[in-house]
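Asks: kindly generate the corresponding structure for this input.
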Amino acid sequence: MIQTLRKPDRIVQPCGFCGGCGHGVIQRLIAECLEELGISDRAINCVDIACCFWTLDGMDLDGIAGPHGRLPAVATGIKKTRPDDIVYIHAGDGASYTIGIAETVHICLRDVPVTMIVVNNGVFGMTGGQMSLGTTLLGQATTSTPRGRNESSNGSPGDFLQALSQFDFEFAARGALYSVKEINRTKQLIKKGFQNQMEKKGFSLIEVLSACPTNWHLSPVAANKRVEEVVAAQFPLRVYKDRGGMSDG
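Replies: The predicted model follows:
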């Protein structure tokens, strides 16, 4: 059986993502999920001033850009005033786990019925590839750690998704984009996050491991191989919590 693939209607123009970047793949997965669930007309895209900001141009959705790292607070305010809308966050790991870790903690504690998608590429991508305290791996060279991240000087990365999942909220899971199989699995995680919101359940946090070929100074193929062989070993792909009982599958 031949399956015809088409561009989601809500993606209306090209974005400025670098070649091989995972943000564009995630944008498409979000658009596909919204259209398949029939909720595009009431979706609100919350982004900060980082790589994900491009989605405001690329997506035909209501959207808002908030201060860097403060999207959980912005999305909480929107959801409290517009409870019937589908509010989602598309943000990076530097914003979510470093600059905005306090806001991320409190949206988890409040169990706000918002869907948050965190793109973990191990660096601050938009501002030049600096180290992200939460996710840059030991030994990884960045513009602020040119000789590689050193534990004694810079501390160690942490599995923030695992730590945050100890709080009482609806759903926490991690996916990746290095293969068709993992892209399809990640789409199901994102769709689950939207379905939870449709069903008036609590907060959903989906982290996605993504390559950053530009700041890693690798080809897209080599960057995806690094995600599969190195990054996923540090940050395991699985469902960390689900009050509704989704399996790792």
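
Asks: kindly state the beta-bridge partners for the residue positioned nearest the centre of the chain.
Replies: Closest residue to the average C-alpha location of the chain: residue 118 at 2.3 Å, with C-alpha atoms, centre = their mean. Beta-bridge partners for residue 118, by DSSP bridges, are residue 91, residue 207.

Asks: check it and give its pLDDT.
Replies: Note for residue 118: predicted pLDDT of 97.

Asks: and the gap between it and residue 76?
Replies: Separation of residue 118 from residue 76 (C-beta to C-beta, to the nearest Å): 16 Å. Where you see a C-beta, it was placed from the backbone N, CA and C, and this is true even at glycine.

Asks: ok, now residue 232?
Replies: Distance from residue 232 to residue 76, by C-beta to C-beta: 31 Å.

Asks: who's more crowded, those two?
Replies: residue 76 (21 against 16; other C-beta atoms under 10 Å).

Asks: buried ones in stretch 153-164?
Replies: 154, 157, 159-162, 164 (16 or more other C-beta atoms under 10 Å).

Asks: need these in TSV (columns: distance to residue 32 and pLDDT).
Replies: TSV is the format used below for those (distance: C-beta to C-beta, whole Å; pLDDT from 0 to 100):
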residue	distance to residue 32	pLDDT
154	38	91
157	31	93
159	28	96
160	27	96
161	23	97
162	28	96
164	26	97
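
Asks: where does the protein dip in pLDDT?
Replies: 1, 246-249 (pLDDT under 70).

Asks: show me the strands in it, by range?
Replies: Taking DSSP state E as the criterion, the chain carries its strands at 43-48, 62-66, 86-92, 115-120, 123-124, 130-131, 171-176, 204-209, 239-242.

Asks: export these to a markdown table and tack on distance to residue 218?
Replies: What follows is the strands of the chain, written out as a markdown table (distance: least, C-beta to C-beta, whole Å):
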| stretch | distance to residue 218 |
| --- | --- |
| strand 43-48 | 25 |
| strand 62-66 | 29 |
| strand 86-92 | 18 |
| strand 115-120 | 16 |
| strand 123-124 | 12 |
| strand 130-131 | 17 |
| strand 171-176 | 16 |
| strand 204-209 | 15 |
| strand 239-242 | 28 |
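
Asks: among those, which comes closest to residue 217?
Replies: strand 123-124 (11.0 Å; C-beta to C-beta).

Asks: the closest one packs against which elements?
Replies: strand 130-131 (3 or more C-beta pairs under 8 Å, 6 or more residues apart in numbering; DSSP states H and E).

Asks: alright, calling it a day.
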